[in-house]
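Asker: okay, predicted coordinates and the sequence, questions at the end:
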Amino acid sequence: MVDVRVLRAGSGPVDVAGVLLTPGAGATRDNRTLVALDTALTAAGLAVRRVDLPRGAKVAPARVREEADAFAAELGVGTERLVVGGRSFGGRMSSMAVADGLAVAGLLLLSYPLHPPGRPQTLRIEHLPRVDVPVLAVSGAADPFGTPDELTAHLAAVTGPVTLVLVAGAHAPTDPPVVAAVRDWLT
């Protein structure tokens, strides 16, 4: 089961030199999905860096920016040639860094935590209208952190092009459809 919804049409990221991946809360850079993406994207010729993040929405976006700056410098490019993002908390922190001015080619949101499970009134969306780069969101169709309809409605606040790909599963869907969606968006 794969359901692709274009929430705002436009081109995807162009001239991408590298992809910076961040984990969900309580996970590490060695999360199975991040490792699977690293393997697939490296095989497709993209540079990939997986990094850990500190806990807390006050410090993690700054770490995303620091890691993006360092990765871009290593590649000899500006951050505008990177795609940043990650799973759950990592994607959210990356989106906050982009909303706060981190210039990137695109944003990757895997299992975006739109709200805590069972608390749809506690939305994590205030910053989304300030995201103006191409966005790919991939989520399990049964994710308790955001239903397909909730994700469709709220991710539409992003001002850049947005594609939402819904796959079978909950908050940690199997890797093959996630990897395929990301690879297709980037290549």
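Answerer: Now that the structure is in, tell me what you want to look at. Just so you know, these numbers come straight off a predicted model, no measurement behind them. Numbers count the residues shown, from 1 in each chain.
Asker: next secondary structure after the lengthiest helix in the chain?
Answerer: Counting residues, the longest helix found in the chain (DSSP state H) is helix 60-75. Next along the chain after helix 60-75, taking DSSP states H and E as the criterion, comes strand 82-87.
Asker: that following strand pairs with which strands?
Answerer: strand 18-22 (parallel), strand 106-110 (parallel) (DSSP bridges).
Asker: ok so, going back, just checking, what packs against the longest helix of the chain?
Answerer: Using 3 or more C-beta pairs under 8 Å, 6 or more residues apart in numbering; DSSP states H and E, the elements in contact with helix 60-75 are strand 18-22, strand 47-50, strand 82-87, helix 89-99. Any C-beta I mention is one placed from the backbone N, CA and C, and that applies to glycine too.
Asker: now mean neighbour count, distance to residue 147 and mean pLDDT too, for these, in JSON lines please.
Answerer: Converted to JSON lines, these look like this (neighbours: other C-beta atoms under 10 Å; distance: least, C-beta to C-beta, whole Å; pLDDT from 0 to 100):
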{"stretch": "strand 18-22", "mean neighbour count": "26", "distance to residue 147": "24", "mean pLDDT": "98"}
{"stretch": "strand 47-50", "mean neighbour count": "19", "distance to residue 147": "29", "mean pLDDT": "98"}
{"stretch": "strand 82-87", "mean neighbour count": "30", "distance to residue 147": "18", "mean pLDDT": "98"}
{"stretch": "helix 89-99", "mean neighbour count": "27", "distance to residue 147": "17", "mean pLDDT": "98"}
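Asker: dump the ones you listed into TSV; add distance to residue 163 as well.
Answerer: As requested, the helices and strands packed on helix 60-75 are exported to TSV (distance: least, C-beta to C-beta, whole Å):
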stretch	distance to residue 163
strand 18-22	16
strand 47-50	20
strand 82-87	13
helix 89-99	14
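Asker: and of the ones you listed, who's closest to residue 32?
Answerer: Closest of those to residue 32 is strand 82-87, at 9.9 Å (criterion: C-beta to C-beta).
Asker: using PDB, list the CA coordinates for that closest one.
Answerer: What follows is strand 82-87, C-alpha atoms only, in PDB (Å, rounded to 0.1, in the frame of the first residue of the first chain):
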ATOM      1  CA  LEU A  82      21.900  19.600   1.300                       C
ATOM      2  CA  VAL A  83      18.600  17.800   2.100                       C
ATOM      3  CA  VAL A  84      18.100  17.600   5.900                       C
ATOM      4  CA  GLY A  85      15.600  15.600   7.900                       C
ATOM      5  CA  GLY A  86      15.000  12.500   9.800                       C
ATOM      6  CA  ARG A  87      12.600  10.300  11.700                       C
END
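Asker: low-confidence ranges, the chain, go.
Answerer: Regions of the chain meeting the criterion pLDDT under 70 are absent.
Asker: tell me how many other residues surround the residue nearest to residue 8 when sequence neighbours are not counted.
Answerer: The shortest distance from residue 8 to any non-neighbouring residue, by C-beta to C-beta, 6 or more residues apart in numbering, is to residue 162 (4.6 Å). Applying other C-beta atoms under 10 Å, we find 26 residues neighbouring residue 162.
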